[in-house]
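K.L.:
heads up, no residue letters with this:
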Ligand code: CAA
């Protein structure tokens, strides 16, 4: 475990929070989009990069549409929205996007090799001071940092879906993450309007480990016929005041995302995280939840509806 009081290595001139001006969000899926929205709203020049350049403009279009609705509902001032949009920079080339960046937030799919590949590339272009954050929900920050040769400035910045709404930012401290980097991230969290917690680098951290345990058990209960998906969810919504039940939440997050986390925790922690067969089957069938229109529920603009089959 890194000593939180240990002095910052002189070879890591980590940028201070007040000096952070430019953020690079890598990946424009659900999480990348939402993270870019809050970063731009907080006044950071926010570059958006994706391997598929067409997805960048699409993501900016989604952010514009979402915030337009907030303006119409009177929840955001039009001027604030215009300023926010002015902070978004579509960046189809990684080199120029990373050249003067202070903070990177990688939100690529949940695969170690992919994250290492993209962050290693960014490291080649980004200034030495830049903090390299990953929005991984379960993978080892220590391993990512070690494999890209930048352990001291690699940190987990775990946001929650939907990022503009969820209050938490889970900051994950790798074995080599410099304390100054964690301090800067704590300040950035506040500027983003989030409440941070600091968690040591362990599989699934504090959030995903508990979250998938509940979700996987709900799936096993559905498999063994304890109750319908709706009633299993209601049990937690009405009995425990969860804002949404574990199966609906799995749909919101994405069944593929949950499966990747469970597979990782199964390997790293043990048998209690073995992915339920129903989850594997549904992912194979392309029923990934809200983003594909069907998971444990059918999703339309009106929200989730129970499946009748
Ligand atoms: N930007 C800004 N505001 C937004 C927004 C956006 N993109 N999307 C929604 N909102 C706002 C809405 O305007 C609304 O605001 P008001 O309450 O002021 O009216 C509010 O968010 C709620 O939205 P809705 O009314 O549309 O929906 P809801 O009340 O049913 O809440 C929910 C939806 C926030 C998703 C709620 O059901 C909830 O909290 N669910 C649990 C979500 C959760 O647990 N997320 C964590 C998942 S795990 C994860 O993400 C980590 C991982 O690693 C995979």
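P.N.:
Received the coordinates, thanks. Note that the structure is predicted; figures quoted are calculated from it, not measured. Numbering: from 1, shown residues only.
K.L.:
What parts of the stretch 101-250 of the chain come near the ligand?
P.N.:
The stretch 101-250 of the chain comes close to the ligand at residues 137, 160, 161, 162, 164, 165, 166, 208, 211, 243, 244, 249, as judged by CB under 6 Å from any ligand atom. All C-beta atoms are positioned from the backbone trio N, CA, C, and that covers glycine.
K.L.:
tell me the contacts of the residue nearest to the first one when sequence neighbours are not counted?
P.N.:
Think residue 137. Among residues not flanking residue 137 along the chain, residue 208 sits closest, at 4.5 Å (CB to CB, 6 or more residues apart in numbering). Counting by CB atoms under 8 Å, 6 or more residues apart in numbering, residue 208 makes contact with 137, 138, 158, 261, 265.
K.L.:
can you redo these as JSON lines with pLDDT and neighbour count?
P.N.:
Formatted as JSON lines, the contacts of residue 208 follow (pLDDT from 0 to 100; neighbours: other CB atoms under 10 Å):
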{"residue": "137", "pLDDT": "95", "neighbour count": "27"}
{"residue": "138", "pLDDT": "94", "neighbour count": "27"}
{"residue": "158", "pLDDT": "98", "neighbour count": "24"}
{"residue": "261", "pLDDT": "95", "neighbour count": "26"}
{"residue": "265", "pLDDT": "97", "neighbour count": "22"}
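K.L.:
hang on, the earlier thing: buried subset of the residues of the stretch 101-250 of the chain next to the ligand as a PyMOL selection?
P.N.:
To isolate the buried subset of those in PyMOL, counting by 16 or more other CB atoms under 10 Å, use the following:
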select buried, resi 137+160+161+164+208+211+249
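K.L.:
Show me how far the one helix or strand residue 63 maps to is from its chain's centre.
P.N.:
Assigned by DSSP states H and E, residue 63 falls within helix 54-72. Distance of helix 54-72 from the chain centroid (CA atoms, centre = their mean, to the nearest Å) equals 18 Å.
K.L.:
Contacts made by that helix with the rest, please.
P.N.:
With CB under 8 Å, 6+ apart as the criterion, helix 54-72 contacts 28, 32-33, 36-37, 40, 48-50, 76-78, 81, 84-85, 88, 90-92, 164.
K.L.:
count of neighbours near residue 93?
P.N.:
11 (other CB atoms under 10 Å).
K.L.:
Check it and give its pLDDT.
P.N.:
Looking at residue 93, its pLDDT stands at 96.
K.L.:
any idea how far it is from the ligand?
P.N.:
Between residue 93 and the ligand the computed distance is 27 Å (CB to the nearest ligand atom, to the nearest Å).
K.L.:
Same check on residue 19?
P.N.:
According to CB to the nearest ligand atom, residue 19 and the ligand sit 27 Å apart.
K.L.:
Equivalent analysis for residue 269, please.
P.N.:
On the measure of CB to the nearest ligand atom, residue 269 and the ligand end up 16 Å apart.
K.L.:
Pretty sure that residue sits against residue 213.
P.N.:
No. Here residue 269 does not reach residue 213: they are 9.9 Å apart, not a contact under CB atoms under 8 Å.
K.L.:
Who are the contact partners of residue 299?
P.N.:
Shown in contact with residue 299 (CB under 8 Å, 6+ apart): 251, 289, 290, 293, 305.
K.L.:
Now intersect those with the helices, please.
P.N.:
Under the assignment DSSP state H, the contacts of residue 299 contribute residue 251 to helices.
K.L.:
between the contacts of residue 299, which is nearest residue 19?
P.N.:
Residue 19 lies nearest to residue 290 out of the contacts of residue 299, by CB to CB, at 37.8 Å.
K.L.:
My guess is that closest one contacts residue 250. True?
P.N.:
No. Using CB under 8 Å, residue 290 is not in contact with residue 250; the gap is 9.8 Å.
K.L.:
ok, residue 25 - how many residues close by?
P.N.:
The number of residues packed around residue 25, counting by other CB under 10 Å, is 33.
K.L.:
Mind jotting down where the helices sit in this protein?
P.N.:
In the chain, the helices defined using DSSP H lie at 30-41, 54-72, 78-86, 94-98, 112-125, 141-148, 179-191, 207-223, 229-239, 246-253, 255-268, 277-284.
K.L.:
separation between the residue of the stretch 201-309 of the chain found nearest the ligand and residue 249?
P.N.:
Of all residues in the stretch 201-309 of the chain, residue 243 sits closest to the ligand, at 3.6 Å by CB to the nearest ligand atom. Distance, residue 243 to residue 249, using CB to CB, to the nearest Å: 9 Å.
K.L.:
likewise residue 59?
P.N.:
23 Å.
K.L.:
what do you get for residue 26?
P.N.:
25 Å.
K.L.:
just residue 305 next, same as before
P.N.:
Here the distance between residue 305 and residue 249 works out to 16 Å (CB to CB).
K.L.:
same deal with residue 28?
P.N.:
Per CB to CB, residue 28 is found 22 Å from residue 249.
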